[in-house]
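**Student:** Can you look at this prediction? I've put the sequence above it.
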Amino acid sequence: MRPFLAILAIALMGVTLIWQVTDGARAVTAEGARRLHAVERTPTMPSPYLTDMSGKTVRLQPDVGGVALVEFIYTACPTICRYAGDSFARLKGRLAAAGLAKGVRMFSVSFDPLRDDPMALSDYAETHGADGDIWKVGAPAVTDLRGLLSGYGVTVIADRFDGYEHNAAIHLIDERNRLVGIFDIDDIDGVVEAIRR
Amino acid sequence: MTTGFQRCGEFALALLLLLLCAAFRRTLEADPVTHMLVQLPALAWAGWLFAGVASVRRPRLEAAPTNAGGGAGLLIVFFGIVFWMLPRSIDGALTSPEIEAAKFLTVPFLVGAPLRLSWYRAHPILRGFLLSNALSMLGVLAWLYMAAPIRVCNSYLVEDQQRLGLAFLLVALSLAAIWGGRLFFKPDGGSAGDLLPDLKANGSTSYDT
């Protein structure tokens, strides 16, 4: 084969490959891909039972005809989850003000169920103003944790201070338990706008 | 000319590199700095050595007319490197056994080996162009990883990402010093593009014209 033809063929194959693995040059990171796929493929999310801050069992899913906002936390978290908690608190206020709170459930889900017993969860709820009605703080059973995290595409890794780092985000779940949007923790406008639609 | 004994040694070294990369997979991949700057280069080096051994047994490999000027081979290398520079691919290698297996095949055989078979056939100006681009690309990535407010890999801590950025910067500076230094201190030590360490085989230093 002539060099020119070989180069042309390789260039075509290479560009096609890179185009394929980046979803058409739209997602170069795993997190970017996760967010893109949420919007485009609306995958169904697992809905395990959680033990909430009052020790009651609740299911991680929206009410009939409603939507749910889900974020992942651990209560011993010194940084991002505190921030996530504050953000959820502001979000709750904004939704109430916009008259959208009805039909919206908010879940702060702990991925550290061994340490986050109802006592720890209720401390966290109290700190951030989670009412237990619209906004619940809960932890799944240890056996459900892995499936829950992989279903959502959340990667939790240990940091160097006996804590964790994870791809923190706000997940919007529709009435059929499908993931339809993933937002940055501080993108409150984006979440409110998406719920309004 | 290299001897058969040396060839054996290179083949054994290549196998050893592959083996070590696989055996210490977890350790190397626990830290992005060793993942990107030890494991991936070692895999590419293994492929480079394999290609050297293979081209002795089949001399036509090195002289394939399809790869005249090294363009076709270097383009394969380019896409191989682009693929493994995507943070998505690195994250994928850590979470999916298939992508991890693909890494052990593609980095040696789509990066290291074609580089070995193409580099010395490429025109010195092309080599110089590629080297300088590699440097600036490392520099840009270094800056991105140190300064960007986003976390590029879900499997690595932000702190590790920043360390990787610093490591990229050090590598870029070291390579610039080595490559640049050779131009100044060994002006007759080869053509401008002929700046990779002395891994040449068969004494084939002439590029395709």
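**Tutor:** Nice, thanks for sending it over. Residues are numbered from 1 along each chain as shown, chains lettered A, B, ... in the order given.
**Student:** Any residues of chain A in contact with chain B? List them.
**Tutor:** Within chain A, the positions near chain B by Cβ under 8 Å from any Cβ of the partner chain are A:1-3, A:6-7, A:10-11, A:13-14, A:17-18, A:21-22, A:27-33, A:155, A:157, A:159-160, A:165-167. Using the backbone N, CA and C atoms, a C-beta is placed for each residue, glycine as well.
**Student:** Could you give me the ChimeraX syntax to select whichever of these are buried?
**Tutor:** In ChimeraX, a selection of the buried entries from these looks like this (16 or more other Cβ atoms under 10 Å in any protein chain shown):
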select /A:3,6,7,10,14,18,21,22,27,28,29,30,31,32,33,155,157,159,165,166,167
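**Student:** what helix or strand is A:I182 on?
**Tutor:** strand A:179-183 (DSSP states H and E).
**Student:** what about that strand, average pLDDT?
**Tutor:** Averaged across strand A:179-183, the pLDDT comes to 96.
**Student:** Can you identify the element that follows it toward the C-terminus?
**Tutor:** Sequence order places helix A:188-196 as the next helix or strand after strand A:179-183, per DSSP H and E.
**Student:** Flag every buried residue along that following helix.
**Tutor:** A:I188, A:V191, A:V192, A:A194, A:I195.
**Student:** Need the three-state assignment for the residue nearest the centre of chain A.
**Tutor:** Nearest to the geometric centre of chain A sits A:H171, at 3.8 Å (Cα atoms, centre = their mean). Look at A:H171: counting by DSSP: H, G, I helix; E, B strand; the rest coil, its state is strand.
**Student:** Let me see the contact set for the nearest residue to it once chain neighbours are set aside.
**Tutor:** Among residues not flanking A:H171 along the chain, A:V70 sits closest, at 4.4 Å (Cβ to Cβ, 6 or more residues apart in numbering or on different chains). Taking Cβ atoms under 8 Å, 6 or more residues apart in numbering or on different chains, we find A:V70 in contact with A:M45, A:L60, A:M106, A:F107, A:V109, A:Y152, A:I170, A:H171, A:I173.
**Student:** Okay, and the beta partners of the residue lying closest to the first one once chain neighbours are set aside?
**Tutor:** For A:M45, ignoring the flanking residues on the chain, the nearest one in space by Cβ to Cβ, 6+ apart is A:L179 at 5.1 Å. When bridges are taken as DSSP bridges, the partners of A:L179 come out as A:I173.
**Student:** any idea how far A:G66 is from A:L179?
**Tutor:** 15 Å (Cβ to Cβ, to the nearest Å).
**Student:** Looking at those two, which is more packed in?
**Tutor:** Neighbours per residue (other Cβ atoms under 10 Å in any protein chain shown) separate A:L179 from A:G66, with A:L179 holding more: 23 against 15.
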